[in-house]
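Chemist: Predicted coordinates and the sequence they were generated for:
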Amino acid sequence: MCGICGEIRHDGEAVDLARIERMKHSMRPRGPDDGGTFAVGNRAFGHRRLMIMDLSAHSQQPMTDPELGLGLVFNGAIYNHPQLRAELRELGYRFFSEGDTEVVLKAYHAWGIECLQRFQGMFAFAIWERDSGRTVLARDRLGIKPLYYSADTDRFAFASTLPALLAAGGVDTAIDPVALNHYLSFHSVVPPPHTMLRGVRKLRPAHYLTLDARGRIEERRYWSLEFRHSEARSETEWREGLLEALRTAVRRRLVAAVDVGVLLSGGVDSSLLVGLIAEAGISRFRTYSVGFEAVGEEAGDEFRYSDIVAEAFATDHQRIRVSSRELLEQLPAAIEAMAEPMVSHDCIGFYLLSREVSRTCKAVQSGQGADEVFGGYHWYPPMVGSTEPFAAYRQAFFDRDFAEYCRVVADPWIERDFASEFVQAEFARPGADDSVDKALRIDTTVMLVDDPV
């Protein structure tokens, strides 16, 4: 992952580059390999780099192309960048780097905002147009890469993390009552565009934001996920199609200039990834498992399962053991690393696992998100055949109803049942017909994105 940031002034003042440097410093853990800044007129952009696709200085960011009149800060990975590069070369474009960053830049010049439809991957980026003064921010379809922003009449600022915006200063840090209601009701999930702070917003997944030279903001959706029933395929065809789709997804994510590892828990999801990577012809790739101290008769690890998979596919496997003492000692560091408040007990484990993995591996695949996509949670079966989808979902997923919420929080923070209104509106959108499909869609496009794990 990388870190991107920037600021555009609308009050005639020059950007304070110290603000950009503070944002970059805050995001240094996201991009420990290098950093850069570009400033011109009323705008400045910063980048922290983690080298994955192109290890040379040619992919250094911010990336500018004076001939095209464009500049870019980009976080993510475009897995089909070799194919897009070939298309662009046929259109007459010349390249000075081997990575995906320059492909994004030239794809935008060639196809405009429609380039988003061509990208296969995860991304958050900002492109500025020299001649029009316009800036465009975009986020991938499922919001894998984060993008926060803060806007007022004088300036617009953005960053990969919320703390980076706070480091820059000048942000309204009052609690957002809408976000508070979501957080304490909707299983600690705060859907975009809200954050817990009134002065910070996050760009919705599958959306792009346009900021014109006068500071006017327009946000639009470019893609929607539909859950529609189809009987055009047999069960065998669906099974074979699913397996091939999984193979394709895994192969795409092996496109990198560095080795790609796997977070291996020993469960179905991560074990399947290991098998598919081995099937793709990759040998002796790194796998990682984390374990904790046992509590009473309850085991603190599942190494017996991950060991079986690692041995079966001959991976370079590493067990990471974390003591209870280390869990407590590292809790402040884990909290400091959070972009937004997280309450799941998994957070500290993921933090320590990621910290150890980063010592030997820059990119990993994991099974996170499979439960949302494949219906693995306990609240899906009760929703089968339900005639009241929202009521069934609220019963299974919400932490408390609005009456209890009103008893929990002080009067100044009680406005409306925003969480219920949000879910009802999502369930009413076209593209998902029955109760389970409605739940799967909101879990995949909202809960998975902002779930506090």
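Modeler: Looks like it came in fine.

Chemist: Please name the residues that touch F285.
Modeler: Contacts of F285 were listed using Cβ atoms under 8 Å, 6 or more residues apart in numbering, and they are 259-262, 277-278, 315-316. Heads up, the C-betas are built off the backbone N, CA and C, glycines and all.

Chemist: Pull up the gap between it and L84, please.
Modeler: From F285 across to L84, the span is 26 Å (Cβ to Cβ, to the nearest Å).

Chemist: same question, R359
Modeler: 33 Å.

Chemist: ok, these two, which is more surrounded?
Modeler: L84 (21 against 7; other Cβ atoms under 10 Å).

Chemist: Can you classify the closest residue to Y93 other than its chain neighbours as helix, strand or coil?
Modeler: For Y93, ignoring the flanking residues on the chain, the nearest one in space by Cβ to Cβ, 6 or more residues apart in numbering is K106 at 4.8 Å. Recorded secondary structure, K106: helix (DSSP: H, G, I helix; E, B strand; the rest coil).

Chemist: Is there a neighbour count for K106? I'd like the number.
Modeler: Count around K106 with other Cβ under 10 Å applied: 23.

Chemist: again with the one 4 residues further on
Modeler: For A110, the number of neighbouring residues by other Cβ under 10 Å comes to 17.

Chemist: Give the next helix or strand downstream of the helix or strand that contains it.
Modeler: Element membership for A110, per DSSP states H and E: helix 101-111. Moving toward the C-terminus from helix 101-111, the next helix or strand (DSSP H and E) is strand 121-129.

Chemist: what is the mean pLDDT for that following strand?
Modeler: Taken as a whole, strand 121-129 has an average pLDDT of 97.

Chemist: among the contacts of F285, who's most crowded?
Modeler: V262 (28 neighbours).

Chemist: If that one is in a bridge, with which residues?
Modeler: Bridge pairing for V262 (DSSP bridges) gives the partners T287, Q365.

Chemist: Could you do T210 as well?
Modeler: As for beta bridges, T210 partners with V136, E218 under DSSP bridges.

Chemist: List the contacts of it.
Modeler: 134-136, 217-220.

Chemist: Out of the residues you listed, grab the one that's most surrounded.
Modeler: T135 leads the contacts of T210 on contacts (other Cβ under 10 Å) with 22 neighbours.

Chemist: Now do the contacts for that residue.
Modeler: 6, 8, 43, 126-129, 156, 210-211.

Chemist: any chance of those in TSV, plus distance to Y79?
Modeler: Formatted as TSV, the contacts of T135 follow (distance: Cβ to Cβ, whole Å):
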residue	distance to Y79
G6	25
I8	30
R43	30
A126	21
I127	20
W128	25
E129	26
F156	30
T210	26
L211	28
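
Chemist: Restricted to buried residues, select those in ChimeraX.
Modeler: Of the contacts of T135, the buried ones can be selected in ChimeraX as follows, counting by 16 or more other Cβ atoms under 10 Å:
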select :6,8,43,126,127,128,129,156,211
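
Chemist: nearest to H378, of the contacts of T135?
Modeler: Proximity to H378 was ranked across the contacts of T135 by Cβ to Cβ; first place goes to A126, at 39.8 Å.

Chemist: Is the closest one in contact with F38, as I believe?
Modeler: No - counting by Cβ atoms under 8 Å, A126 stays clear of F38, with 11.2 Å between them.

Chemist: Show me the common contact partners of those two, please.
Modeler: Common neighbours of A126 and F38 (Cβ under 8 Å, 6+ apart) are F45.

Chemist: can you list the weak-confidence ranges in the protein?
Modeler: Scanning the chain for pLDDT under 70 picks out the ranges 451-453.

Chemist: ok, now which ones touch V103?
Modeler: 78, 81, 84-85, 88, 95.

Chemist: show me the contacts for R49.
Modeler: Neighbours of R49 in contact, by Cβ under 8 Å, 6+ apart: 2, 31, 33-36, 60-61.

Chemist: Next step: the residues you listed restricted to strands.
Modeler: 34-36 (DSSP state E).

Chemist: thinking again about what came up before, the contacts of V103 in strands, which ones?
Modeler: Secondary structure assignment by DSSP E places I78 of the contacts of V103 in strands.

Chemist: want to try TSV for the contacts of V103, with distance to V171 as columns?
Modeler: Output for these, formatted as TSV (distance: Cβ to Cβ, whole Å):
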residue	distance to V171
I78	31
H81	34
L84	36
R85	38
L88	38
F95	38
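
Chemist: List only those of the contacts of V103 flagged as buried.
Modeler: Counted by 16+ other Cβ under 10 Å, those give 78, 81, 84-85, 88 as buried.

Chemist: which one of those residues sits closest to P163?
Modeler: Within the buried ones among the contacts of V103, proximity to P163 (Cβ to Cβ) peaks at I78, which comes in at 26.6 Å.

Chemist: residues in contact with that closest one?
Modeler: Applying Cβ under 8 Å, 6+ apart, the residues contacting I78 are 84, 100, 103-104, 119-121, 123.

Chemist: Please repeat the previous calculation with a cut-off of 7 Å.
Modeler: The contact partners of I78, by Cβ atoms under 7 Å, 6 or more residues apart in numbering, come to 100, 103-104, 119-121, 123.

Chemist: Specify which member of the contacts of V103 is nearest to Q424.
Modeler: Nearest member of these to Q424, counting by Cβ to Cβ, is I78, at 35.8 Å.

Chemist: bridging residues for that closest one?
Modeler: Legend: beta-bridge partners of I78 under DSSP bridges are G121.

Chemist: How much space separates it from P32?
Modeler: 22 Å.

Chemist: repeat for A168
Modeler: 20 Å.

Chemist: Comparing the two, which residue is more hemmed in?
Modeler: A168 (23 against 15).

Chemist: Quick check: can you list the domain ranges of the protein?
Modeler: 3-171, 235-365 (automatic domain parsing).

Chemist: I'd like those domains as a markdown table, with distance to D399 appended.
Modeler: As requested, these are exported to a markdown table (distance: least, Cβ to Cβ, whole Å):
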| stretch | distance to D399 |
| --- | --- |
| domain 3-171 | 22 |
| domain 235-365 | 10 |
